[in-house]
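**Student:** attaching a predicted model along with its sequence, questions to come.
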Protein chains: 2
Amino acid sequence: MTARWPDLAVLELLTAVSERGGLGAGARAVGMAQPNASRAMRALEKQLGVDLLVRHPSGSRVSEEGAVVVDWARRVLDAAREFSSVAEALAAQHTAHLDVAASMTVAEHLVPGWLAELRREIPDAEVRLRVHNSSHVFDLVAAGDCDLGFVETPHLHPTLRTRTVARDRLVVVVAPGHPWAARRHGLAPEELAATPLVVREPGSGTRVTLDEALAPYRPVPPALESGSNAAVLASVSAGADPAVLSELVIAGPLQRGDLIAIPVTGLDLTREIRAVWRGPQPPPAAAALIAVAAAAAPR
Amino acid sequence: MTARWPDLAVLELLTAVSERGGLGAGARAVGMAQPNASRAMRALEKQLGVDLLVRHPSGSRVSEEGAVVVDWARRVLDAAREFSSVAEALAAQHTAHLDVAASMTVAEHLVPGWLAELRREIPDAEVRLRVHNSSHVFDLVAAGDCDLGFVETPHLHPTLRTRTVARDRLVVVVAPGHPWAARRHGLAPEELAATPLVVREPGSGTRVTLDEALAPYRPVPPALESGSNAAVLASVSAGADPAVLSELVIAGPLQRGDLIAIPVTGLDLTREIRAVWRGPQPPPAAAALIAVAAAAAPR
DNA sequence: TCCGGACATATCATAGTGATATGACTGCCC
DNA sequence: GGGCAGTCATATCACTATGATATGTCCGGA
C-alpha cells in the first residue's frame, strides 16, 4: 500500500542540485556520475509525478514545485542523519566519552533531561557535564576541551558549527509587592530600559540577549549583577527591583505565585538555544545528544 | 563522506518486526519474503554495527539497542511519509479540492497560518475552511462532508483517525481590576471550581477540556456561557468574573496588559490539537496540510 | 563559426533484490 | 519421547537496478 519509499541517495542528490544550481555540479557534490544523476532524477520525477527540474543545456535549476519537494526532502535527510548518528553512537557506546559544556540556564533546566534520555538510549556512554557561561562554553569547544556545548547567546562563533535545538524567552519579573504587579498595561521598552534591573553577569547568554535587545533604548546601569540565576531570583523576590530571566528559570516561582511576570510590548526577547561543536561533524555521541535535544523541544 | 543512507524499506521492516514480534510476521506485514527479510536485517545490522534482533527459533524480538534504533527509524519514516504526502499533493494539485473543518480556537489562530503555508507550497489547491465547534467537526468528518478536521477535544472518535499536530493550554484570565490580579500565590483547583466563570458553550473543545479538568472538584455553574472566544474575551474584560480561554486567544490581550493571567497550581490544562480524518489514509492534500501543521508546531 | 559547458542517451558489467526450495532449531502436544 | 508446527537461516537463480564509460545534442559566448 505504501507504494514504495523514496531513495535517500536521490533525495540528497536533489538537494545538492538545488544548492549547486546544476545537475552535474550536484552529482559531483554527492559523488555520483552525471549520467546516473540524470537517470536518477528522471526516475524520481516519474515516481513522484512531479517535474522537479527545469532542464536547460546551459544548466538546470529546480522548478517551483521542485523547491517545495527539496524543502521536505531536507527534513527526511535530517531525520536520517539523526538516525545514523544515534546508531553510530549506539555502536560505539562502550568507548564513548562525551564531554559537554553548557551555559547555566540550559545546564540547569534542559540538559539534565536530555542527558537522562541519552542515558536511557545509550546506557554505556560516559558523559560529563560542565557549567560555564556562554562565552566560556565557546572557548572550551573551540579549544577542543570538550566535545559539545550548549549556549543561549545570539552570537555565533566564526569557527564553530551550531544547530538550534530549542527556543527560550526572557521575561521581566517582579515580586508580588512591586508597583508593576498591579499594572494595567504592558511595559514599553523605553520604560524597561530606564529602570535599574537585577541581571546576570556580563558574558552570560541571558545578559547578552538583554543588552542587545535594549541597546536601541539606551538602558541605565543595572541595579545589581549576580553570577547565577538563583541569586537573581533571590534578589528579585526579596527586593524592590525587577529582574529579567529566562522563562525556564521563573516557571516554578511563577506557578507558585512568588513572582509576577510583566509583559513587554514590542520587544523580542526570544532567543535560540544552540548546540555548538568543532569541525564539520560532531562525534557520534555528541550527534546523538543533539538529536535527542532537538527531538525533545520544538525546532 | 556521508557513508551511505539507510534503506527506508528495511527501516520499515525493522519497525514491523518490532511491532509484530517476529521476523517472518514483520516481513509479511511489509510484503517481503521472509528469507529476504532475514538477509536485509543482517545487512542493516552490519551497516550500523549494532545487533538489532535477538534471534530465536521460536521467534525474534528486537534487542534493547534495537528498540532505540526502531524509535529513531520511525521518525525517519514519518518524515518520509510526509515527504510523499506533499509530493503526491503537488502532483494532484490541479484536481485537489480540500474541505477543512476546524473548531473555533484552532480555526481562528492556527489554521490560517497553515493554509497560507500550504498555498505557498501547493498554489493550485482549492481549499475551503469551515468553522464549527469540536463535536460538530467530528460529525462532519465522520459523515464524509469534509476531508479533514482540526479539533481540540481530549475525546477521540471511535471510527476516525487522528494525529496530534500541536499543543495548547487553557489559562485563567481576569480583568486588571479583578481582586485575583493582585494575588500573591497561584490558584488552587478547588478555588477555581468554586468560582462562577465566563466560559465557552458546551460541545466546544475549550469547554470540554475545562469541565473534565475540574470535574473532580465539583465545579459551580458558570457565570456566563458565550458562543465565541471574542464574546468571552469581551465579557471578562468588562466584567467581574474570571474566564478560562486558550493561550492562543489571550496572547494579544495579555501582551497589551488588557488581561492578567492567573497561574493555577496542580491542574493540567494542556490539550492536544489533533487532525482528524476518515479512513486509513487522508487524501493527499489533507496529508500535506497535516504535514505542514505538524512542521509548524512542536509535536 | 567554432568551442566549451551542461545535460541526455546508449551500452555494458556487476551488485543488489526478489522469489523459491530447503535445512536447522525450538517448543508444544499427544 | 517422537512427531508436528512454527520460526529463522542458508542456498540458489533470475532479474532488475545501479555504477561506469563513451558519445550525442543543445546552447551561449568568443
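**Tutor:** Received, thanks. Please read these numbers as outputs of a predicted model, since none were measured by experiment.
**Student:** from here on, contacts and neighbour counts on C-alpha atoms
**Tutor:** OK.
**Student:** number of residues surrounding A:Val50?
**Tutor:** Using other CA atoms under 10 Å in any protein chain shown, A:Val50 is surrounded by 19 other residues.
**Student:** quick check: it vs A:Ala166, distance?
**Tutor:** For A:Val50, the distance to A:Ala166 equals 34 Å [CA to CA, to the nearest Å].
**Student:** gap between the residue of the stretch 51-200 of chain A found nearest DNA strand D and A:Leu23?
**Tutor:** Proximity to DNA strand D, evaluated over the stretch 51-200 of chain A using CA to the nearest atom of the strand, is greatest for A:Pro57 at 4.5 Å. The gap separating A:Pro57 from A:Leu23 is 11 Å, by CA to CA.
**Student:** between these two, which has more neighbouring residues?
**Tutor:** Ranked by neighbour count (other CA under 10 Å), A:Pro57 and A:Leu23 place A:Leu23 first, with 25 against 5.
**Student:** can you tell me the closest non-neighbouring residue to the more buried one?
**Tutor:** Excluding the flanking residues, the one nearest A:Leu23 by CA to CA, 6 or more residues apart in numbering or on different chains is A:Val17, at 5.3 Å.
**Student:** need the nearest residue in space to A:Gly144, chain neighbours excluded.
**Tutor:** Counting by CA to CA, 6+ apart, the nearest residue to A:Gly144 once its immediate chain neighbours are dropped is A:Arg278, at 7.4 Å.
**Student:** contacting residues around A:Glu126?
**Tutor:** The neighbours of A:Glu126, taking CA atoms under 8 Å, 6 or more residues apart in numbering or on different chains as the test, are A:96-98.
**Student:** surely the residue nearest to A:Leu23 touches A:Arg61?
**Tutor:** Yes. With contact defined as CA atoms under 8 Å, A:Val17 reaches A:Arg61; the gap is 7.5 Å.
**Student:** need the overlap of contacts for the two.
**Tutor:** Taking CA under 8 Å, 6+ apart as the criterion, A:Val17 and A:Arg61 both touch A:Leu23.
**Student:** between those two, which one's more packed in?
**Tutor:** A:Val17 (26 against 19).
**Student:** ok, back up a step: does the residue nearest to A:Gly144 touch A:Leu140 like I think?
**Tutor:** No. Taking contacts as CA under 8 Å, A:Arg278 lies outside contact range of A:Leu140: 10.1 Å.
**Student:** quick one, helices of chain A?
**Tutor:** With DSSP state H as the criterion, chain A has helices at A:8-20, A:23-29, A:34-48, A:64-91, A:104-109, A:111-121, A:134-142, A:189-193, A:205-214, A:229-238, A:247-256, A:284-296.
**Student:** ok, the residue of chain A most remote from its centre to chain B distance?
**Tutor:** Within chain A, the residue lying farthest from the chain centre (CA atoms, centre = their mean) is A:Pro57, at 40.9 Å. Distance, A:Pro57 to chain B, using CA to the nearest CA, to the nearest Å: 25 Å.
**Student:** now A:Ile250
**Tutor:** Per CA to the nearest CA, A:Ile250 is found 12 Å from chain B.
**Student:** residue nearest the centroid of chain A?
**Tutor:** Centre of chain A computed as the mean C-alpha position; nearest residue by CA atoms, centre = their mean is A:Thr164, 1.8 Å away.
**Student:** which residue packs closest to that one, ignoring adjacent ones?
**Tutor:** Using CA to CA, 6+ apart, the closest residue to A:Thr164 is A:Arg274 (4.2 Å).
**Student:** number of residues surrounding the one you found?
**Tutor:** Counted by other CA under 10 Å, the residues lying close to A:Arg274 total 25.
**Student:** just list the residues touching it, thanks.
**Tutor:** Counting by CA under 8 Å, 6+ apart, A:Arg274 touches A:150-152, A:162-166.
**Student:** so what's it bridging to?
**Tutor:** Following DSSP bridges, A:Arg274 is listed with bridge partners A:Val151, A:Thr164.
**Student:** and it, how far from chain B?
**Tutor:** Distance from A:Arg274 to chain B, by CA to the nearest CA: 17 Å.
**Student:** what does the pLDDT read for that residue?
**Tutor:** For A:Arg274, the pLDDT comes out at 95.
**Student:** now A:Pro219
**Tutor:** With respect to pLDDT, A:Pro219 scores 93.
**Student:** gap between it and B:Ser85?
**Tutor:** Computed as CA to CA, the A:Pro219 to B:Ser85 distance reads 50 Å.
**Student:** so those two - more neighbours on which side?
**Tutor:** Neighbour count, other CA under 10 Å: between A:Pro219 and B:Ser85, B:Ser85 has more, with 24 against 19.
**Student:** which regions of chain A sit below the pLDDT cut-off?
**Tutor:** Scanning chain A for pLDDT under 70 picks out A:1-3, A:298-299.
**Student:** near DNA strand C, which residues of chain A show up?
**Tutor:** Residues of chain A lying close to DNA strand C (CA under 7 Å from any atom of the strand) are A:21-25, A:34-36, A:38-39, A:55-61.
**Student:** PyMOL command to pick out the buried ones of the residues you listed?
**Tutor:** Filtering the residues of chain A next to DNA strand C down to the buried ones (16 or more other CA atoms under 10 Å in any protein chain shown) takes a single PyMOL command:
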select buried, chain A and resi 22+23+24+25+60+61
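**Student:** residues of stretch A:232-251 that come out buried?
**Tutor:** Buried positions in stretch A:232-251, judged by neighbour count with 16+ other CA under 10 Å: A:232-233, A:235-237, A:240-250.
**Student:** out of those, which comes closest to DNA strand C?
**Tutor:** Distances from DNA strand C to the buried residues of stretch A:232-251, taken by CA to the nearest atom of the strand, are shortest for A:Leu248, at 46.3 Å.
**Student:** domain-wise, how is chain A divided?
**Tutor:** According to automatic domain parsing, chain A comprises the domains A:8-90, A:94-165+A:272-296, A:167-270.
**Student:** dump those into a markdown table; add distance to B:Arg74 as well.
**Tutor:** As requested, those are exported to a markdown table (distance: least, CA to CA, whole Å):
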| stretch | distance to B:Arg74 |
| --- | --- |
| domain A:8-90 | 9 |
| domain A:94-165+A:272-296 | 12 |
| domain A:167-270 | 25 |
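**Student:** looking at the ones you listed, which is closest to B:Arg120?
**Tutor:** Of all the domains of chain A, it is domain A:8-90 that lies closest to B:Arg120, at 9.0 Å by CA to CA.
**Student:** mind checking how far that closest one is from the chain centre?
**Tutor:** Its chain's C-alpha centre and that of domain A:8-90 lie 26 Å apart, by CA atoms, centre = their mean, to the nearest Å.
**Student:** check the separation of the first and last residues in that domain.
**Tutor:** 22 Å.
**Student:** up against chain B, what does the stretch 101-250 of chain A have?
**Tutor:** A:121-122, A:176, A:181-186 (CA under 8 Å from any CA of the partner chain).
**Student:** what's the local residue count around the closest residue to A:Ala73 other than its chain neighbours?
**Tutor:** Nearest residue to A:Ala73, sequence neighbours excluded (CA to CA, 6+ apart): A:Leu11, at 5.9 Å. For A:Leu11, the count of nearby residues is 21 (other CA under 10 Å).
**Student:** next: A:Glu212.
**Tutor:** With other CA under 10 Å as criterion, A:Glu212 counts 12.
**Student:** then A:Val30?
**Tutor:** Residues lying near A:Val30 (other CA under 10 Å) number 19.
**Student:** just checking, it touches A:Leu14?
**Tutor:** No. Judged on CA under 8 Å, A:Val30 makes no contact with A:Leu14 at a distance of 9.8 Å.
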